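K.L.:
Quick one, structure for this:
(2 chains)
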Protein chains: 2
Amino acid sequence: MQIAVLLYDRFTALDAIGPFDTLGRLPGAETVFVAERPGPVRTDSGALALVADKALGEVTRPDIVIVPGGPHPEVEMENPAVLDWLRAVDATTTWTTSVCTGSLLLAAAGLLDGRRATSHWLYLDRLPRFGAAPTGERVVFDGKYVTAAGVSSGIDMGLTLLGRIAGDEVAQTVQLMTEYDPQPPYDAGSPDKAPAELVARLRGVSP
Amino acid sequence: MQIAVLLYDRFTALDAIGPFDTLGRLPGAETVFVAERPGPVRTDSGALALVADKALGEVTRPDIVIVPGGPHPEVEMENPAVLDWLRAVDATTTWTTSVCTGSLLLAAAGLLDGRRATSHWLYLDRLPRFGAAPTGERVVFDGKYVTAAGVSSGIDMGLTLLGRIAGDEVAQTVQLMTEYDPQPPYDAGSPDKAPAELVARLRGVSP
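P.N.:
Okay, here's the model as predicted:
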């Protein structure tokens, strides 16, 4: 079982690491970080690089692919090398997954046409132009396509998918070992719950 | 404002990335990843490397230091280069923090003597030998020392500390942008909540 995590310039670190430190702990699985060119790939703020150990062409038949998001999805949504790779590996994956705006890359590759999907809340309205139906759920399963909402939701996706693949006990073991018993200091993690002025400001709309 | 994240061989990625993608979004702050030697540093499973852009000697006065944990804390707990650096930077930090077994590195450096602290639930009992008093809380503040429980708790720590430093609105903005509205598929994230047989097995004790 091989899990491939796609990296690209200015991805968001937690989008990739949430699934990596949950689903990536699937017993017997190997995780590989892959990018157009192997080597360091900078995250959105530029303050950190993760290393892609393989080039796209070296990872041709992963069982699971994970596509993180980032604040500038439009760049990779027009990158033929990335879109071609996504289409090619999707032909044989068991699960094709994304976190945050990663779903827009899947959508741009034509993989979410006619499917239910999600994305970062600020980008949900971009899904329909690719034939995908946005939902308000945090983790959306449609066949083998699993999309998660913004950034931190990849942890929930990773555990959920781990349970589907390996059973509840394995997923609970990983939850306990990562001590994932969330206690956010605020209840502002979704546009339904955050202060309305904050949501409006982030939407670029006056309250 | 400079935030330094310590990396070392076989650290756990999410321990570092949880605070990085929350506290690291503090407006005006610069985050730097630092290790004994600059370059790629492999995580616990070996499947990923994060790049340390700076050597320890290049980062001498960070305002905040973040120490992630990993499954083999005993190695760095006996590494004079790391312990000396922790003691040196702690002399001028505003906040000295850890996630998971990172608190054992702080403790081994003598920084938690007489303080309340936490760690990964499987390692809590190692704190008293360094004079620290373990607590059952997920995020523990004692003066400028902030320690978080296992792996994923660094997200809660990052948001909590962000709120203390920059105010609730900034922290809520980051919570909303990272869509941190957790919906774990199980309620097994702490030893109090997970199935007793699972806890016992992980403790290496027959149920």
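K.L.:
Contacts only, for the residue nearest to A:Ala171 when sequence neighbours are not counted.
P.N.:
Leaving aside its sequence neighbours, A:Ala171 sits nearest to A:Gly163 (CB to CB, 6 or more residues apart in numbering or on different chains; 3.7 Å). Heads up, the C-betas are built off the backbone N, CA and C, glycines and all. Contacts for A:Gly163 (CB atoms under 8 Å, 6 or more residues apart in numbering or on different chains) come out as A:170-172, B:185-186.
K.L.:
What are the boundaries of the helices in chain A?
P.N.:
Remark: helices assigned in chain A by DSSP state H are A:13-20, A:73-76, A:80-90, A:102-108, A:153-166, A:168-177, A:196-202.
K.L.:
Which among those is found nearest to B:Leu86?
P.N.:
With CB to CB as the measure, helix A:13-20 is the member of the helices of chain A nearest B:Leu86 (23.4 Å).
K.L.:
Show me the strands in chain A, by range?
P.N.:
A:2-6, A:30-35, A:39-42, A:49-52, A:54-55, A:64-67, A:95-99, A:116-117, A:133-134, A:139-142, A:145-148 (DSSP state E).
K.L.:
Could you dump the ones you listed into a markdown table and include distance to B:Ile17 and mean neighbour count?
P.N.:
Formatted as a markdown table, those follow (distance: least, CB to CB, whole Å; neighbours: other CB atoms under 10 Å in any protein chain shown):
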| stretch | distance to B:Ile17 | mean neighbour count |
| --- | --- | --- |
| strand A:2-6 | 13 | 24 |
| strand A:30-35 | 13 | 21 |
| strand A:39-42 | 14 | 18 |
| strand A:49-52 | 9 | 23 |
| strand A:54-55 | 21 | 14 |
| strand A:64-67 | 14 | 28 |
| strand A:95-99 | 13 | 28 |
| strand A:116-117 | 24 | 22 |
| strand A:133-134 | 27 | 17 |
| strand A:139-142 | 19 | 20 |
| strand A:145-148 | 16 | 29 |
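K.L.:
got a markdown table for these, with distance to B:Leu198 too?
P.N.:
Converted to a markdown table, these look like this (distance: least, CB to CB, whole Å):
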| stretch | distance to B:Leu198 |
| --- | --- |
| strand A:2-6 | 24 |
| strand A:30-35 | 24 |
| strand A:39-42 | 36 |
| strand A:49-52 | 31 |
| strand A:54-55 | 34 |
| strand A:64-67 | 24 |
| strand A:95-99 | 25 |
| strand A:116-117 | 33 |
| strand A:133-134 | 36 |
| strand A:139-142 | 23 |
| strand A:145-148 | 25 |
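K.L.:
Minimum distance to B:Ala4: which of those has it?
P.N.:
Short answer: strand A:49-52, nearest of the strands of chain A by CB to CB, at 15.9 Å.
K.L.:
Below-threshold pLDDT in chain A: ranges please.
P.N.:
A:205-207 (pLDDT under 70).
K.L.:
Can you get me a residue count around A:Gly18?
P.N.:
By the measure other CB atoms under 10 Å in any protein chain shown, the count of residues near A:Gly18 is 35.
K.L.:
Leaving out chain neighbours, which residue sits closest to it?
P.N.:
For A:Gly18, ignoring the flanking residues on the chain, the nearest one in space by CB to CB, 6+ apart is A:Gly154 at 3.2 Å.
K.L.:
picking that back up, for the contacts of A:Gly163, which two are the farthest from each other?
P.N.:
Counting by CB to CB, the most remote pair of the contacts of A:Gly163 is A:Val170 and B:Pro185, 12.2 Å apart.
K.L.:
what about those two, which has more around it?
P.N.:
Per other CB under 10 Å, whichever of A:Val170 and B:Pro185 has more neighbours is B:Pro185, with 19 against 16.
K.L.:
any idea how far that one lies from A:Arg138?
P.N.:
Using CB to CB, to the nearest Å, B:Pro185 is found at 10 Å from A:Arg138.
K.L.:
which residues do those two both contact?
P.N.:
With CB under 8 Å, 6+ apart, B:Pro185 and A:Arg138 have common neighbours A:Asp156.
K.L.:
circling back: for the strands of chain A, which one sits closest to B:Glu58?
P.N.:
Judged by CB to CB, the one of those that comes nearest to B:Glu58 is strand A:49-52, at 16.3 Å.
K.L.:
just to revisit the earlier point, single out the most deeply packed of the helices of chain A.
P.N.:
helix A:13-20 (a mean of 30; mean count of other CB atoms under 10 Å in any protein chain shown).
K.L.:
Restrict that helix to CA atoms and write it as PDB.
P.N.:
Below are the C-alpha coordinates for helix A:13-20, written out as PDB (Å, rounded to 0.1, in the frame of the first residue of the first chain):
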ATOM      1  CA  ALA A  13       1.700  22.500   5.700                       C
ATOM      2  CA  LEU A  14      -1.100  21.400   8.000                       C
ATOM      3  CA  ASP A  15      -3.200  20.300   5.000                       C
ATOM      4  CA  ALA A  16      -0.600  17.700   4.300                       C
ATOM      5  CA  ILE A  17       0.500  16.800   7.800                       C
ATOM      6  CA  GLY A  18      -3.000  16.200   9.200                       C
ATOM      7  CA  PRO A  19      -3.600  13.200   6.900                       C
ATOM      8  CA  PHE A  20       0.100  12.200   7.100                       C
END
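K.L.:
Now do it: everything it contacts.
P.N.:
Contact with helix A:13-20 is made by A:5, A:7, A:31, A:33, A:43-44, A:48, A:50, A:66, A:68-70, A:97, A:99-100, A:102, A:151-155, A:157-158, A:161, B:13-14, B:17-18, B:20-21, B:47-48, B:178, as judged by CB under 8 Å, 6+ apart.
K.L.:
Tell me what angle that helix forms with helix B:13-20.
P.N.:
Orientation of helix A:13-20 against helix B:13-20 (axes from the mean of the first three to the mean of the last three CA atoms, to 10 degrees) gives an angle of 150 degrees.
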